[in-house]
Structure formats: structure tokens, C-alpha cells
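Colleague: have a look at this prediction, sequence included:
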Amino acid sequence: MTDWDDFHGANAGYIQELYERYCENPEALDEETRAFFRQWRPPEAAAAAPAAESFDKIIGAMNLAQAVRALGHLAARIDPLGAQPPHDPALDRESYGLSEDDLARMPASLAGGPVAEGAANADEAIAALRAIYCAKAGFDFEHVTNAGERRWLRDAIETRHFRPPADPIDEKALLDRLTQVEIFERFLHRAFPGKYRFSIEGLDAMVPMLDEAVHAATSHGIGHLLIGMAHRGRLNVLAHILRRPYRNILAEFKDPLGGMGAAPTELGWTGDVKYHAGTEFELKEGGAGGLLIRMAPNPSHLEFINPVVMGMARAVSTRVDRPGPPEYNHAATLTVLIHGDAAFPGQGIVAESLNMSRLIGYRIGGSLHIIANNQLGFTAGPAEARSTMYASDLAKGFEIPIIHVNADEPVDCIEAMRIALAYRRQFQKDFLIDLVGYRRWGHNEADDPGFTQPVLYQAIDAHPTVRQLMAERMKAESKIDAEMAARLERKYMDHLQRELDTLNAEAALDAPLPKEPPPGAARAVNTAVATERILKLNAALGRLPQGFHIHSRLEKVLARRREEISAGGERAIDWTSAEELALGSILEDGIAVRFTGQDVLRGTFTHRHAVYFDQHTGAPFCPLQGLPQARAAFEIRNSPLSEAGAVGFEYGYNMERPERLVIWEAQYGDFADGAQVMIDEFLVSARAKWGQTPSLVLLLPHGFEGAGPDHSSGRIERFLDMAAGINMRVANCTTAAQYFHLLRRQALLLATDPLPLVVMTPKSLLRNPLVASPLSALAEARWQPVIDDAHADPNQVRRLILCSGKIYFDLIGEQKEPTPGLAVARVEQLYLPPKDELAALIEKYRSALEIVWLQEEPMNMGAWPFMMPVLMELIHGRKPLRYLGRPRYSSPAEGSAAWHAYNQKKLIEKARSIQ
């Protein structure tokens, strides 16, 4: 540190004291300190301090200047409704024993920084600091630990480089824009009284702030601007930033039934409310490549869009058309996330998202965050909504700089946005603007906020709009004539009225209906891979870099795998080999893969080892990234210990680049419970609501093995309960070959029949030899939705058992001979239910006296609640359908391994017992 401004408080006093000792007797100090002072001098007043009293005042002046920088936001008038700021005694010169005359006698250099250069003395310099830091924007960045970043922020703020006159703002154009924003809301309020729109009024400056983001993106060659926001102000942003035509929005307010009648109901289309909609717009200027502006659709779970948009940005910024690891370019996108003031501190998904912002594999070059701060939740005030002073304080833990800005000061708002954009461009880190305004109406326009906030809303009702305030100021400054504001109002009001008068609502609706996949695509796809190709893949995947020191245990596993696959035995392909060969063949087909999740590099059960680590150096090596046959990139990342944020990120990545195979694996299947909002609101319903076609793969370890309630179930029942139309596939496969074909089918259908795939994956079965498959099953077979009993005589069968997953091996595993009169078939695909295969199976075993559904899950869980009506429809009452499994439980599994084993044994005995 060589700048006096780097030293504050007691540190500054200590340095001054050392300097005085150096001047008196340099030899009394050590050589390092002498060397420092040979190159450094304090400000002139500090160097010339003649007495203890003046010395104390000098230190006080420096501390006061620093306090204004660090705490000035506590005196900033950031509330447009006029609430007094909290203030802090550290901002008062009296706290340092200083008078105005004291400061006037001291040089400006004591304040340091750019303000000192144009000031005559310390009093003027500190007054200049107050004019910046204690005005109508509060600069809050002392929690940033990087000194270089703090210095950059200080210089950007104090030089006023990002505001007029240094960086001009066309005030007439700004007034025009604010008029457009306000009149849109006023027109909707008049034309459709009581209809929800979640108005932007009170935060109107958000739109010109986003204009700045658009301008910055086009100026710096950014190709994608991605926006995530909840419903407050969403329609205004859609209309004026993404240029969604007014007629489309007005048609949604009209809500004609005929527009929905055209929807393909067989695909389960429901649509969504207008203030959840997303859209995109391509802005082309000057013949350049253009800027694609996209707003992702968002449910009412306000902040859950954050990781989705971050995943979208990561996908856009990642190049995957070359083998090896993907190539990431942080300059390809600009991400803007708009939050609510109650939701930002209140919803945990915000912290999960911020935590990912600097993680390898998840960072996106920094997001711009705007808190749309109404100073009010639905009806709850700040004291009921958070434990912090500011709505933005959560961001401080992630060292994100913050500007609190008064939403009635559009010039300050634009300056804040310019600083944020420049900081992000310089440091590739997040920045947050706390846009402090108010909410003109209730939470929605049919709500009366006077019930709970009568005094607040009396103030709001009497408060002029930001457009009115700006127009009055510009008239007073003779920048516009007396009629200009009224002319702008009439212009935009008349335009909207013409749009409404000529509207054909049914024709103007632009619902994004989902595309119907070609019939039979999933059945027609060929997932087999020739034996020669598999052997070459296996050989390549088994090669290590020269001089690489692999773990001795893994060395033995690799050797055994190479030998067994080369020999082509009946149990040559175990689960891990099947996965690796499937992914290798997918890369060879030119399809990129992103594989993330909790501990996926090694695998929860120490089974995958997708990345080896040199035992001498710790250097990693990923065989799938070194695969010579690959024609696309492979990425595998351990995710943070997050479910909602991590799944949301992968969902966004998948939606932005659907041609890539995207996989997320939970540490245990029930960990997906933490991502339930993402699953419910995005993954399984996006097709019906927004016309999206996700294809994300979830791998959920599942199986009852005595591990307790929390590590047994992947909650099959929840997915099957949400299954409808063609919204997903759910599988519970039991062989390595089946897993191989399932992954390949998913990859090969990405272009024609994309659906989310939920797979219940094994735990103990990972090493069970009965799960392993012969090489021929990969080279000659295909995905089988149902696996028949290869040993049963149809004419002798009295009981047909249908089951899914591990329970099959518990039933047949210890038997040396098949049970007479018993046939056991496995339902590998639970959704879409394989009705044709099941009907054929039931017909084949028509001699059976009964059909039994066997499962280890409780009766109210597992596949039974879903499969019962499916099977009853196929049986047509020709024979009884029985359930065999655990009774109804509120908890998935027993907490005692002994209790589990006892119940499992009884269950298997009942299954084998034929009356």
C-alpha cells in the first residue's frame, strides 16, 4: 500500500507516528520500514503536524473523510417518500472534535481521492464527499475485501465519470421514456380495472436502467442479454425492453376463449397468466450480429428464476463443438436478475444462486442484480420481512458491491447502472442496485393496501410520479416548454387506445404452444452400438497419460474392466462401464454432455471415478475428455450442496442449449426433495404452461436397503403423480445394458422427441453381478420398457408378479430354481406407461389366476398408486389385481436395518407363496 487513502483510523495514526520517528532518527526503525518511508510521504498537513492537538485533529479529519465514504449511505436520502435516513454519529465532525474552521485550515489532500484535487481545503473536500455519498444514492461497498476493487469503485464514484456532464444523458429522451412507461400502466388501469398486472409504478426508472444495459451490451459486442424477474413490472419490461407488441398484451387482458380453444389439449396445454410470460427479441443495429434479449418465463415462486437464467447464460457462453473440456467465454452474455425486496432476503434460493456465482462450472462473468424495492411485501413491512437494515444485505456476504438509489432520481439510477455495468465488465463479478421506490397500488390492482398500511398509502396517494417530478424540474430549468409533458402523455395514450380499438384479440394471442413430437420416435430410435466400436471405446477410456500415477485400487479396477469387456463374458459390463461407454458413444455421435451433481466425479457410492487424480501431484484426468473418438465436449462438475439452485441451473442450461445432453445426479434420491419447486414449476410443467420442451436427466439413487427414511427413496410416486400427457419419462431400470440404452435413447431423441428423463438408479446393485450385462446386450439389443421372465412356462403360471427395480433381485436373487407357477416381470419404464407391452404380457400369461404388483415401497408411495389404474384398465376385470408391499406409511422406510430386513424377508416370502 503506497496511497495515504489505504490507511484509516488508528492505522493512519500509527503510520504518521512511525513517519515522525523516521524523520527524527531513521536508524531507530528496521530496514524494511526505512525503505518504505524512502519512497513515501504523508499528506503535507500530516507531515507538518507541530503538536499533539493538531495531530489528533488531522487524524480525525482523515477518519471523517473515510467515514463519509464507508457510512455515507446511512445519511443518503434514498426513500422517495421522504423517510429520514438512519444516520451515524461517525458522519458528524463533532465526533472527532472538529469544527468547520479546523477543517478549513487543513489541506484537501487529507480527504484523499479524486475529490481532493479540486478542493481548496479539507472542509471543501469533505463537503464534496458528502454531496456524493450522502445525497440520493448510497454507495455501500466497504465489505468488498479486494483493495483494487474498492479503489476502482471509489474513483468511479468520486470522479462522477458515469453521469452528466462527463457521460451525458438526453433528459428529453429520458422524460419521453418515463412517460411511455407510466402511460402504459395508466391505460391498462383504466381499460381493465381490477385486472392483475403487478404495475411497475413507483419503480418506473427500472426501464431506462434496463435501456442502459441494452446499450452497454450492444456497445461491447455482447450477443445475449438474459433477464430474470418476477411479476412486479414484468409487463412493462416485456413491452418496452423486449418490445412485445402492445396488441399481444392487450389480447391477454381481453382473454378470449377462442384463443385457448385452438390449443392441442391432448398435449396437456394449460398456458399461464400474462405476467409469468417470457419472450425474446433480437435487436439489430448497424448491420452487426445483433443482440438477442430474452426473458425467461417465471412462476409465482419469485426468486426461483435466478439459477435458471444463470444456467441459460452459462450455456450460451460455453463452446462444446470440440472434444475435451468445454470452452467458456464470459463476455458472450449479460445477465440481469430483478428481485423483490421481501423475496431477496426471504427466499433461500437467492443465497444458493449467489453462492454459485464464482464457482468453476457455474460462474457467468457476473450478474447485475436489481432489487425492485417497494419497501413492502404482500402486506408485510420490512420489520416483518427481514432481520437486516437493507433488503440487499445478504449480498454483502458474497462481497457484492451495492448502490442504494432513490427511484425518483432517474439520473442517479442511470449512473448507478453505468457503474454496475462497468464494474462487471472490469472484474467479471456481480453487482447489486437496490432501487428504492414504492408500490402505487396494492400487491395486485384488486387489492386495497389501506387495510394494513393506511399511513403509507396516504403518502403514496399524495406523491407525484417520477415523470411528473422530472417534467416539473425540466420546466423550471427551461429545458422543455410548458406543454411538452402533456403532449407526450396524449401521444402514448392515443397510441394505446388505437391499439385497443383495432384489436382482434383471438388473432393477436401468441401462446407458445408446444410442438408435437413425431409418432413412434422413441420406439424407432436405434441405440445399439457395434461390438468393434465398444471395444475401441473401452480401450481408449482405459488409457492414462504417460507418467500418471493412478490410485492403486483404481488401477486394479481398470485392469479388470479392460479384461472382462475384451473377453466378452456374460457379466462383462457393470453399471459404471455401461454409463461410461454410453457417454463415450454419445460424444462420438457429436452430442455434447454436461454432467453435474453432488459428488458426481467420484460418485456417492465410490463407483464412478469419472476423474482420476494423480497420487503424487493431485492433477486430474478425465478419460471422457481425453477420448480420441469424441466429436463434442464433455463436462463433469461436482455441484455445490444445493438442490433447488443446482437443478434450476441445469434446467436453464438445458433449455438454452437443448441439443446437449444435460444430467444432474442427486447424492441420494430423496435429496431431490430440496428441488421440488424446480421440478414442479419448471421441469414437469413447462411444456404445458410455456411451450418449453426440457430434456434434463435426473439420476436419483433409489432402493430400500435399511439405510433409513432419508436415504431409501427417490420418491417415484411424486414424479408419477405429476406425469401427464407427454411431459416426462420415468424409468427404474435393472441392468447395465438397460441403463446404457436409456442414456443413448435420451441423447438421440434430443432433436426430435425431447422429454425430461427421471431415472431411479441403484445403490447396492451397482456391484451386484446380476445387474451386469454381456457385451452383446449393448451391441444387439435396445431399450426394453418391460422385461419378461425368461424361465417361466406361460401355461404353468398361476401368479404373474409385476415389479420395478431392486425388489426383483431380492425376489429371485437367492433362488437356484424358479418358483413353480410363478412368473416375475420387470416394468422398467413407468412413464410413459408401456401399455402395449403390458397388455401383451398379460395376454401371454392368461392362465395366471392373479396378477400381483410387488414393491418394497409403502402402499401410498412407489409406483403402485400410479400403476393400479393402468393395470386395471388392461386387465378389464378378467382376474384379480393384488397389491403386495409395505402398508401405508407417512415415512418412506424403517429407521432400523434389522427391522427393514425382517419386513423385506416377510414380503419376499409372501410373494413366493402361491396358494
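Modeller: That came in fine, so what should we check first?

Colleague: now for the residue nearest to the spatial centre of the chain: which residues touch it?
Modeller: Nearest residue to the geometric centre of the chain (CA atoms, centre = their mean): residue 307, 0.5 Å. By CB atoms under 8 Å, 6 or more residues apart in numbering, the contact list for residue 307 reads 349, 352-353, 356, 644-646, 648-649, 652. Backbone N, C-alpha and C define where each C-beta goes, glycine included.

Colleague: how about a cut-off of 6 Å?
Modeller: 353, 645, 648-649 (CB atoms under 6 Å, 6 or more residues apart in numbering).

Colleague: I'd like the average pLDDT over whichever strand or helix holds residue 635.
Modeller: Assessed by DSSP states H and E, residue 635 sits inside strand 634-638. Per-residue pLDDT over strand 634-638 has a mean of 98.

Colleague: and if you look at stretch 275-295?
Modeller: On average, stretch 275-295 scores 84.

Colleague: now that stretch: buried residues?
Modeller: The neighbour-count check on stretch 275-295 (16 or more other CB atoms under 10 Å) flags 275-279, 281, 283, 291-295 as buried.

Colleague: next: stretch 503-511.
Modeller: Buried-residue list, stretch 503-511, by 16+ other CB under 10 Å: 503, 505, 508-511.

Colleague: among those residues, which one sits closest to residue 823?
Modeller: Comparing the buried residues of stretch 503-511 against residue 823 with CB to CB places residue 511 closest, at 48.0 Å.

Colleague: report pLDDT for that closest one.
Modeller: On the pLDDT scale, residue 511 gets 74.

Colleague: ok, it - contacts?
Modeller: residue 271.

Colleague: part of a helix, is it?
Modeller: No. Counting by DSSP: H, G, I helix; E, B strand; the rest coil, residue 511 falls outside a helix, being coil.

Colleague: give me the phi and psi for it.
Modeller: phi -60, psi 130 (degrees, to the nearest 10).

Colleague: cool, and the one 10 residues further on?
Modeller: Backbone torsions for residue 521, taken as degrees, to the nearest 10, come to phi -60, psi -40.

Colleague: surely it meets residue 755?
Modeller: No. Taking contacts as CB atoms under 6 Å, residue 521 lies outside contact range of residue 755: 10.3 Å.

Colleague: which one's more surrounded, the two?
Modeller: residue 755 (23 against 15; other CB atoms under 10 Å).

Colleague: all helices for the stretch 201-350 of the chain, in order.
Modeller: Secondary structure of the stretch 201-350 of the chain (DSSP state H, counting those that start in this stretch): helices at 206-219, 234-240, 246-254, 257-261, 305-316, 343-346, 348-356.

Colleague: ignore what I typed, I meant the stretch 551-700 of the chain.
Modeller: Using DSSP H, counting those that start in this stretch, helices in the stretch 551-700 of the chain cover 552-567, 575-588, 644-656, 676-678, 686-690.

Colleague: list the helices and strands the second one packs on?
Modeller: Under the contact criterion of 3 or more CB pairs under 6 Å, 6 or more residues apart in numbering; DSSP states H and E, helix 575-588 touches helix 531-541, helix 736-748.

Colleague: deepest of the ones you listed, which one?
Modeller: Mean neighbour count, computed with mean count of other CB atoms under 10 Å, is highest for helix 736-748 among these, reaching a mean of 26.

Colleague: what sits against the spatially closest residue to residue 203 that is not a sequence neighbour?
Modeller: Nearest non-adjacent residue to residue 203, counting by CB to CB, 6 or more residues apart in numbering: residue 437, 4.2 Å away. By CB under 6 Å, 6+ apart, the contact list for residue 437 reads 80, 202-203, 407.

Colleague: state the pair within these that is farthest apart.
Modeller: It's 80 and 203 that sit farthest apart of those, by CB to CB, at 9.8 Å.

Colleague: can you pull out the strands in the stretch 1-150 of the chain?
Modeller: 137-140 (DSSP state E, counting those that start in this stretch).

Colleague: need the buried ones from the contacts of residue 307 selected in ChimeraX.
Modeller: To isolate the buried ones among those in ChimeraX, judged by 16+ other CB under 10 Å, type:
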select :353,645,648,649
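
Colleague: quote the end-to-end distance of stretch 342-357.
Modeller: Stretch 342-357 has its terminal residues 21 Å apart, counting by CA to CA, to the nearest Å.

Colleague: contacting residues around it?
Modeller: Contacts to stretch 342-357, defined as CB under 6 Å, 6+ apart, come from residues 302-304, 306-307, 362, 371, 377, 385-386, 391, 394, 398, 430, 640, 642, 644-645.

Colleague: kindly recompute the last result at 7 Å.
Modeller: 230, 302-304, 306-307, 310, 362-363, 367, 371, 377, 380, 385-386, 388, 391-392, 394-395, 398, 430, 640, 642, 644-645, 649 (CB atoms under 7 Å, 6 or more residues apart in numbering).

Colleague: strands - which of these land there?
Modeller: Taking DSSP state E as the definition of strands, the contacts of stretch 342-357 contribute 367, 371.

Colleague: so where is the stretch 151-300 of the chain shaky, pLDDT-wise?
Modeller: The model of the stretch 151-300 of the chain has pLDDT under 70 over residues 258-267, 285-289.

Colleague: okay, and the helix or strand of the chain with the least pLDDT?
Modeller: helix 44-47 (a mean of 48; mean pLDDT, DSSP states H and E).

Colleague: ok so, going back, quick check, nearest of the buried residues of stretch 503-511 to residue 870?
Modeller: Nearest to residue 870 among those: residue 511, at 30.9 Å, using CB to CB.

Colleague: I'd like to know how far the closest one sits from residue 274.
Modeller: 11 Å (CB to CB, to the nearest Å).

Colleague: on that earlier part again, for the helices of the stretch 201-350 of the chain, give me CSV that also has distance to residue 897.
Modeller: Listed next are the helices of the stretch 201-350 of the chain as CSV, based on distance: least, CB to CB, whole Å:
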stretch, distance to residue 897
helix 206-219, 56
helix 234-240, 51
helix 246-254, 56
helix 257-261, 54
helix 305-316, 37
helix 343-346, 40
helix 348-356, 33
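
Colleague: out of those, which is the most enclosed?
Modeller: Scoring the helices of the stretch 201-350 of the chain by mean count of other CB under 10 Å, the most buried comes out as helix 305-316, with a mean of 28.

Colleague: dump the C-alpha coordinates for it into PDB.
Modeller: What follows is helix 305-316, C-alpha atoms only, in PDB (Å, rounded to 0.1, in the frame of the first residue of the first chain):
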ATOM      1  CA  ILE A 305     -35.900 -18.000 -11.900                       C
ATOM      2  CA  ASN A 306     -32.400 -16.800 -10.700                       C
ATOM      3  CA  PRO A 307     -30.400 -20.100 -11.200                       C
ATOM      4  CA  VAL A 308     -32.400 -20.900 -14.300                       C
ATOM      5  CA  VAL A 309     -31.300 -17.700 -16.000                       C
ATOM      6  CA  MET A 310     -27.700 -18.200 -14.700                       C
ATOM      7  CA  GLY A 311     -27.800 -21.700 -16.300                       C
ATOM      8  CA  MET A 312     -29.000 -20.200 -19.600                       C
ATOM      9  CA  ALA A 313     -26.100 -17.700 -19.500                       C
ATOM     10  CA  ARG A 314     -23.600 -20.500 -18.900                       C
ATOM     11  CA  ALA A 315     -24.900 -22.500 -21.800                       C
ATOM     12  CA  VAL A 316     -24.800 -19.500 -24.200                       C
END
